[in-house]
Every structure is written in C-alpha cells, then in structure tokens.
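Undergrad: My questions concern the predicted model and sequence given below.
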Amino acid sequence: MGMLDGKKIVVTGGASGIGRATCVLAATEGADVAVADIDLERAAETAELVRAAGGTAITIEIDTSKKADADRMVAETLAAFGTIDGIVCGAIKLVPGKLEELPEEDWDMVIDIGLKGYFLCAQAAGRVMLDKGAGSIVFLSSVGGVQAYNGAGAYSIAKAGAIMLGKLFGVEWGGRGVRANTVCPGQIRTPMTEAMFADPEIAAGRAAVVPMGRVGLPEEIAEACVFLLSDRASYVNADSMQVDGGQAESKMMHTPGRNWGGKKMDYSTN
Amino acid sequence: MGRFEGKVCIVTGGASGIGAKTAEMFVEQGGCVVVTDVNDAAGEKLVGDIGASKAAYLHLDVTDPDACQAGVDLAVEKFGSVDYLLNSAVKMAPGMLKDLSLADWNTMVNIGLTGSFLMTQAVGNWLIENERPGSVVMMSSIGGRQPYGMSGAYSTVKAAVKMLADHFGIEWGGYNIRVNSIVAGHIETPLTAYLKDPEIKRGRSEVTPLGRVGQPVDIANAVLFLFSDEADYVTATALNVDGGITRSVMNHMPGRKWS
C-alpha cells in the first residue's frame, strides 16, 4: 500500500530534476500524476517514467506566470482525473546576475514564474481542494530562500517569498482542510545545476560546504514532497522544511581559527 | 546634556569587552553605572577610570539570586534607581558535544543563561514594584543563530538567551519594560583573544560581508540604542549586529557560474 494511493497530484516543473523525481515517487506511492511544464517533450519523458512506476500520467504545457495557463492546467487535470488532491509547485527559471546590474526583465521573469506562478497555480488547484475540504500544497523553495544567494539575481527573493506564500496559504486554508508547506532543498544535482556540478573541482567544493559532506539527490527532495503530500503529514501545516544536509545553518563552519581544543586560547573575561 | 542624564544602568560582565565599553559610553552620555563582574581587579580599575561619582563596582556571581539582588540594591542605594540592565556575563567552556563534561555544560548554561534570567528578574521586579519603565538587553550571538561547532554549550545558550529576552519582553510589555537581545558577530574583546592572531583575524574578517571584525563600540552603540527612548516601541526582538555574517552562508559555495 502506497502513501498516496488513489490521489491525484499535479507537479509544475515536472519535466526534470526535483519535479520529475517527485512525479515518479508519487506514482510509486500510488498517485496519478499531471506533469505540468513549459517543456512538453521532457514532460512526456517524465510521464513515461510515471507510467513505468505504475501510475496514470498526463502532460500539460504551462507557463506558470499566466493565469489562463494555471486555470487550463486545473481544467485538464480535472478532465483526466476528476479531482485534485495535491499540487507541488516547482517551476522556476534561473536568471542569475548581480543586483546592481540586474535588468527589470530578468527580475520580472524570475518573480513571475517562481513566485507569482506559485500563487496562480496553488490558487487554481487549491480552489478544487477547498471545495472538497481536503488537499495538500507543497512549494519548492531553496536554501537560497533562507540564506541570501548573491549573484543569483531575483532567485533568493522569489524563494523567500515562496516560503511566506506557503505559510500564508496554510494559515488561510488550514481550517478548511487544505494544508500548505514548503521544502527548502540545498544543493541538488539536477539539469538546472548540472553546469556547476560538471566541474569536478566545483562539485567537490560544493560537497565540502555541506555539513553532511555531499550534495543531495532529487529523489531525496521528492521524499520530503511526498511525505508532505501524504496523510502521514496530516498535522503539518504552514511549515518550511530544510532538506539540505544542514547547509543553511552552517555559517560557523567557515569561521577560521575555530580549533578550540588545538590552539591555545585565552578566555580571560572571568 | 547626555541622553542618559539621571539614568542608572547595571552591566554584568562589565569589567571588560562589550560590557566595559557599554559602561564607559553610558556614563559619557550622562548616566551612572554599576559594573559587576567576578574579575574584580579589572572591574575596579574600570570604575576608577570612569570616576567614583558616576560608577560603582560590585563583585557579582550572576548564578546567585542573592548576589543579583545585591546588585539592584547597590544601584538604588548609590544612584537612586535602576533603569537599564545589560546581561553580558558569560564564561567560555569550549569543546565537542561528544566529549563535553557536565561541569563545562553547567558552567556555560548557569552563567550565560540562568544568570541572565536571575539578573533580569531582580531588576525587573524592582522596576515593577516601583512602577518604573525600563529596558534590558541580553547578549546573544551569531552562534545563537547558527550552530557554532566545538563551542560546547555556547550556541545552545545563546539561542536560548534570545528566546529568554523575547519571553521577558512579551511578559513585561504591559509594565513598559522592554527586553531585547543583540546578535553579536565576531567582536574583538578579551573573550576572543584568538583575534590577536592576524591570520585568524584576517580570515574572520573575510567571512564577514562588511569585511571586518567588529569592535566593542559597534555593540555598545546598539545596546545604548535599545536602552534609549529612541527604541521606545522595540521589544522582544533580536538585533543582528554582525556585519551581515549570519545571512552569508552562500558566500562559501564555490563555482557560482550560473550558465
């Protein structure tokens, strides 16, 4: 028996990376999955993986920044599955840059897809879940939503906003049976981050700054998403869960001269 | 005329570092201070330098409630009241949690956390009984926001101190007694003597977005702001005075070539 038996789940950004892993794990746990993405070709690949895992899958082409697209995504899911039990919002576009040079259109693109898009998709799917008095919303934020990610353009801002948006949906809708939570992944090796991890030196350096000593897998984030979608998380609401190997809390690892035991130190105040 | 004219402040751990700087500046800005510590030589020298008409020293073990009360009594007897309290007394007992002795744990927790509770309770109860407003500042740390490996119970105590300030703040809002905490970054004090090593100082400066370690005056300025009427509507909050360090984890990720 699976954690999501019989549930109908929508995943935006489901064509690749964490979104794809979430679609597959949801299917493994018994769900039928609507794979929503702007990249229909790779969404179809994910749908095949969902079917291989035993689930029914549909694909939906969506630009999450457009309300009409969000509404159509819900309509197509209802037409195929009859209802919606949960949505994972993960669609994002990276447009890096330093704030001093960031063009307005780059800011807008990230905020429109990564923040407004979460709102539009969660609102549209959430209305279905409110009508039936049950459901779960999961937002993908990031360690960059907890710690300022310099050079990442509007990414940290969108991700911090996503955390609060998840809490707000949870507070507004929790009393009507719809939970909303956020997952904050750390560094995960996905197609989006492959450009960085392809360099072995960078990959090693990035692993070294994580207290657990390694980067994460999309499947490890999918586990958190599926837990939050499932009834096992029935009292978890308006929360944000870090799944980052401890990275967001690791600043003090980078403090030099911290060899308290090895170096002679004089704590002479008292 | 200074903004603290006629005001009286108690500083625990006042003999050196952030406490001493706060005591000096508080008097410079018009107030009177009771410096308390267990380092009597440094405390008495500081009070001698400030001047006996404006400052008094008291040996005070903050883990002893009677001693905390004696601090309040001295302030009232010598200067007529107590308006503000800075809890900065702490004793380091570093170590890995795996091997940390109960004695070292208790040292940190008793002085840094229980001591802040007892001293704040003593000062607050005097203020409440005398129907006076007041302001208390607790010293938290970046180590209270981010776990500070190998520091023994330090991070745990500093996180708890922040909550203690918040908790007093909400319980005493109705008495107009404000209680806040300061999240201090790397500050050059006798407690952080390792910063005398230029290599460590340079390294710690580099991991701070503002590019330098802080000085006691940086923290004292924030303490005095939280004491003052300028902070009249500020309570139960923590002010980061850390050069931005707490939010800068991502600076340490190599290879941020995005495309």
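TA: Thanks, I have it.

Undergrad: Could you list the contact residues of the stretch 1-150 of chain B toward chain A?
TA: B:13, B:15-17, B:37-39, B:89-92, B:94-96, B:111, B:142-143, B:146-150 (C-beta under 8 Å from any C-beta of the partner chain). Backbone N, C-alpha and C define where each C-beta goes, glycine included.

Undergrad: Kindly recompute the last result at 10 Å.
TA: By the rule C-beta under 10 Å from any C-beta of the partner chain, the part of the stretch 1-150 of chain B lying against chain A is B:13, B:15-20, B:37-39, B:42, B:61, B:88-96, B:99, B:107, B:111, B:141-143, B:145-150.

Undergrad: Narrow those to those in strands?
TA: B:Asp37, B:Ser141 (DSSP state E).

Undergrad: Give the buried subset of the residues of the stretch 1-150 of chain B next to chain A as a ChimeraX selection command.
TA: Selection of buried members from those for ChimeraX, criterion 16 or more other C-beta atoms under 10 Å in any protein chain shown:
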select /B:13,15,16,17,18,19,20,37,38,39,42,61,88,89,90,91,92,93,94,95,107,111,141,142,143,145,146,147,148,149,150
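
Undergrad: how long is stretch A:52-60 from one end to the other?
TA: Chord length of stretch A:52-60, first to last residue, is 19 Å (C-alpha to C-alpha, to the nearest Å).

Undergrad: quick one: it to chain centroid distance?
TA: 20 Å (C-alpha atoms, centre = their mean, to the nearest Å).

Undergrad: For that stretch, list every residue counted as buried.
TA: For stretch A:52-60, by 16+ other C-beta under 10 Å, it's A:Ala53, A:Gly55, A:Ala57, A:Ile58, A:Thr59, A:Ile60.

Undergrad: Would you list the phi and psi of A:Thr12?
TA: With angles defined as degrees, to the nearest 10, A:Thr12 sits at phi -90, psi 150.

Undergrad: how about it, what does it touch?
TA: A:19, A:34-38, A:60, A:62, A:64, A:69-70, A:73, A:87-92, A:113, A:117-118, A:120-122, A:125, A:140 (C-beta atoms under 10 Å, 6 or more residues apart in numbering or on different chains).

Undergrad: Which ones among those map onto strands?
TA: Among those, the members falling in strands (DSSP E) are A:Ala34, A:Val35, A:Ala36, A:Asp37, A:Ile60, A:Ile87, A:Val88, A:Cys89, A:Leu140.

Undergrad: Which among the residues you listed count as buried?
TA: For these, buried by 16+ other C-beta under 10 Å: A:Ala34, A:Val35, A:Ala36, A:Asp37, A:Ile60, A:Ile87, A:Val88, A:Cys89, A:Leu140.

Undergrad: The nearest residue to B:Pro65 once chain neighbours are set aside - how many residues pack around it?
TA: Of all residues not flanking B:Pro65 in the chain, B:Leu118 sits nearest, at 5.1 Å (C-beta to C-beta, 6 or more residues apart in numbering or on different chains). Counted with other C-beta atoms under 10 Å in any protein chain shown, the neighbours of B:Leu118 add up to 22.

Undergrad: What of A:Gly213?
TA: Residues within reach of A:Gly213, counting by other C-beta under 10 Å, total 10.

Undergrad: element containing it?
TA: Assigned by DSSP states H and E, A:Gly213 belongs to no helix or strand.

Undergrad: got the contact list for the closest residue to it other than its chain neighbours?
TA: Distances taken as C-beta to C-beta, 6+ apart place A:Ala207 nearest to A:Gly213, at 6.0 Å, with adjacent residues excluded. Neighbouring residues of A:Ala207 by C-beta under 10 Å, 6+ apart: A:Gln187, A:Phe197, A:Gly213, A:Arg214, A:Val215, A:Gly245, B:Pro254.

Undergrad: Which of the three states applies to A:Ala207?
TA: Here A:Ala207 is recorded as helix under DSSP: H, G, I helix; E, B strand; the rest coil.

Undergrad: quick revisit: could you dump the buried residues of stretch A:52-60 into JSON lines with distance to B:Phe79 and pLDDT added?
TA: Shown next, in JSON lines, are these (distance: C-beta to C-beta, whole Å; pLDDT from 0 to 100):
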{"residue": "A:Ala53", "distance to B:Phe79": "75", "pLDDT": "98"}
{"residue": "A:Gly55", "distance to B:Phe79": "75", "pLDDT": "98"}
{"residue": "A:Ala57", "distance to B:Phe79": "76", "pLDDT": "98"}
{"residue": "A:Ile58", "distance to B:Phe79": "77", "pLDDT": "98"}
{"residue": "A:Thr59", "distance to B:Phe79": "76", "pLDDT": "98"}
{"residue": "A:Ile60", "distance to B:Phe79": "73", "pLDDT": "98"}
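
Undergrad: Any chance of CSV for those residues, columns distance to A:Val171?
TA: CSV is the format used below for the buried residues of stretch A:52-60 (distance: C-beta to C-beta, whole Å):
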residue, distance to A:Val171
A:Ala53, 34
A:Gly55, 31
A:Ala57, 32
A:Ile58, 31
A:Thr59, 33
A:Ile60, 29
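
Undergrad: how about low-confidence regions in the stretch 101-250 of chain B?
TA: The stretch 101-250 of chain B contains no residues with pLDDT under 70.

Undergrad: Helices of that one, residue ranges please.
TA: B:102-108, B:115-129, B:142-145, B:154-172, B:198-206, B:216-227 (DSSP state H, counting those that start in this stretch).

Undergrad: Deepest in the core, which of these is it.
TA: When those are scored by mean count of other C-beta atoms under 10 Å in any protein chain shown, the highest mean neighbour count falls to helix B:142-145 (a mean of 24).

Undergrad: So which elements touch that helix?
TA: Secondary-structure packing of helix B:142-145 (3 or more C-beta pairs under 10 Å, 6 or more residues apart in numbering or on different chains; DSSP states H and E): helix B:154-172, strand B:177-184, strand B:238-241.

Undergrad: pLDDT (mean, whole number) over the helix or strand containing B:Ala67?
TA: Secondary structure assignment for B:Ala67, by DSSP H and E: helix B:65-79. What helix B:65-79 shows for mean pLDDT is 98.

Undergrad: how big is the angle separating it from helix B:115-129?
TA: Computed by axes from the mean of the first three to the mean of the last three C-alpha atoms, to 10 degrees, the angle separating helix B:65-79 from helix B:115-129 equals 50 degrees.

Undergrad: what distance separates helix B:65-79 from the centre of its chain?
TA: 19 Å.

Undergrad: how far away is the residue nearest to B:Thr22 when sequence neighbours are not counted from chain A?
TA: Counting by C-beta to C-beta, 6+ apart, B:Thr22 lies nearest to B:Ala220, which is 4.3 Å off, once chain neighbours are set aside. Note on B:Ala220: its distance to chain A, by C-beta to the nearest C-beta, to the nearest Å, is 16 Å.

Undergrad: Tell me which residues touch B:Ala220, please.
TA: B:17-26, B:86, B:182, B:241.
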